[in-house]
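Undergrad: Using only what follows, build the 3D model:
(chains A and B)
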Number of protein chains: 2
Amino acid sequence: MQEWRIIEHIGTHVDAPAHFTAGGRTSTELRPAELLLPAVVIDIAARAQRDPDTAITIDDLRAFERRHGRIPDGAAVLMYSGWGAKVGDPDAYRGTDAAGTLHFPGFGVDACEWLLRHRRIRSLGVDTLSIDPGVSTTFDAHLALTGADRYGLENLANLQQIPRHGATIFVGLIPYEGGSGGQARVLATW
Amino acid sequence: MQEWRIIEHIGTHVDAPAHFTAGGRTSTELRPAELLLPAVVIDIAARAQRDPDTAITIDDLRAFERRHGRIPDGAAVLMYSGWGAKVGDPDAYRGTDAAGTLHFPGFGVDACEWLLRHRRIRSLGVDTLSIDPGVSTTFDAHLALTGADRYGLENLANLQQIPRHGATIFVGLIPYEGGSGGQARVLATW
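TA: The predicted model follows:
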């Protein structure tokens, strides 16, 4: 039996609305029905390999829907960037440059707002450290998502193993009292 | 963003085989397929209210199967004792008497071994502090379960809300490195 000292926002974890939005819901306030969601995976791995600062756009979402069908309402929309393969090398995973700026892909705010408005998503998830691209200093996707009372999923693993459309994810968020999010085991079935 | 100091075995949590069995598997070694299980609920709440030291017997399991059908292979078998209603009052939940002995129900070792041998269960779960009854000093059910490379679930909540037979549970165990178990969000669907 061991004791752990854990920062809420390391490893695979949830960003609750309270993490970025004053008065937002905390970990215990996310309902079980919000933790079991249809999931789609937007694959930008090829582009991200060429440009680590790339962001998911509305065009990416439209291209996804032409190929895989409409993103269901209430879904978790997950970015697969290939960054999970770098997780054993913290510098590569963070993409830190000489000036200390981070470089990894994320969601553009326009895509985030389009998904909130037109697909009524429950969550955005990424296989990187942050919903926003590493270069962001304004955290627009975080603010749009949590401002809409939705939660984020960061440091997801193994997204290449799940279908692009048709999986269901279970978000096993530990209900930290007053938590701004926290560790969550996320598993997919299909 | 907060930091938590957490003992692995508080709240709703998993007892990994390593918690009671030398050389047993740790938290990261439990496979995803072991964390998504058919569940049955053995309701002993009426008896436990009269006798807090009561234990689930093989007769209880046979009575369950006569009424609800065979316990599926590879299931999680969950005890509903009604103890969850006491969780806001630590003394009542522990059932501590004047001598410091704990009193709450659990699994008898015979029932545990019968389930391991004849129903090839994956897990035992309880709505109390321990798989074994509170009065146990030898932890026979823990030893039988973890010795068979199976895991326990303790401090489960809301078992009265799920069907006695036919639910599926997702055990969202945080994969603590070298963990003897740890916090897990457990949700049921049916």
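
Undergrad: any idea which element the residue in chain A that chain B sits nearest to lies in?
TA: Nearest residue of chain A to chain B, counting by C-beta to the nearest C-beta: A:G172, 1.6 Å away. Heads up, the C-betas are built off the backbone N, CA and C, glycines and all. For A:G172, the element it lies in under DSSP states H and E is strand A:165-173.

Undergrad: Which strands border the helix or strand following that strand, and is each parallel or antiparallel?
TA: With elements assigned by DSSP H and E, the helix or strand that comes after strand A:165-173 is strand A:181-189. Under the criterion DSSP bridges, strand A:181-189 sits next to strand A:13-15 (antiparallel), strand A:165-173 (antiparallel) in its sheet.

Undergrad: in stretch A:46-64, what counts as buried?
TA: For stretch A:46-64, a neighbour-count test (16 or more other C-beta atoms under 10 Å in any protein chain shown) marks A:47-48, A:52-56, A:60-61, A:64 as buried.

Undergrad: Next secondary structure after the host helix or strand of A:R67?
TA: Under DSSP H and E, the secondary-structure element containing A:R67 is helix A:58-68. On the C-terminal side of helix A:58-68, the closest following helix or strand by DSSP H and E is strand A:76-80.

Undergrad: tilt between that following strand and strand A:165-173?
TA: Strand A:76-80 and strand A:165-173 are oriented at 100 degrees to each other (axes from the mean of the first three to the mean of the last three C-alpha atoms, to 10 degrees).

Undergrad: who in chain A is up against chain B?
TA: Within reach of chain B by C-beta under 8 Å from any C-beta of the partner chain, chain A has these residues: A:1-9, A:11, A:19, A:32, A:35-36, A:170-176, A:178-180, A:182-187, A:189.

Undergrad: Would you list the buried entries among these?
TA: A:4, A:6, A:8-9, A:11, A:19, A:35-36, A:170-176, A:179-180, A:182-187.

Undergrad: residues touching A:A76, list them.
TA: Counting by C-beta atoms under 8 Å, 6 or more residues apart in numbering or on different chains, A:A76 makes contact with A:37-40, A:121-125, A:153, A:169, A:171.

Undergrad: Just name the closest of those to B:L145, please.
TA: Set against B:L145, the nearest of these by C-beta to C-beta is A:V171 (27.5 Å).

Undergrad: Show me what the residue nearest to the spatial centre of chain A is bridged to.
TA: Closest residue to the average C-alpha location of chain A: A:G125 at 1.9 Å, with C-alpha atoms, centre = their mean. Taking DSSP bridges, one obtains A:L78, A:L153 as the residues bridged to A:G125.

Undergrad: so it sits right up against A:M79, yeah?
TA: Yes. With contacts defined as C-beta atoms under 8 Å, A:G125 counts as touching A:M79 at a distance of 7.0 Å.

Undergrad: Now A:Q183. Nearest residue, chain neighbours left out?
TA: The shortest distance from A:Q183 to any residue that is not its chain neighbour, by C-beta to C-beta, 6 or more residues apart in numbering or on different chains, is 4.8 Å, and that residue is B:I174.

Undergrad: Could you do A:R25 as well?
TA: A:P17 is the one closest to A:R25 (C-beta to C-beta, 6+ apart), at 4.7 Å.

Undergrad: Could you do A:D43 as well?
TA: Beyond its immediate neighbours in the sequence, the residue positioned closest to A:D43 (C-beta to C-beta, 6+ apart) is A:Y80, lying 4.7 Å away.

Undergrad: That concludes my questions; thank you for your assistance.
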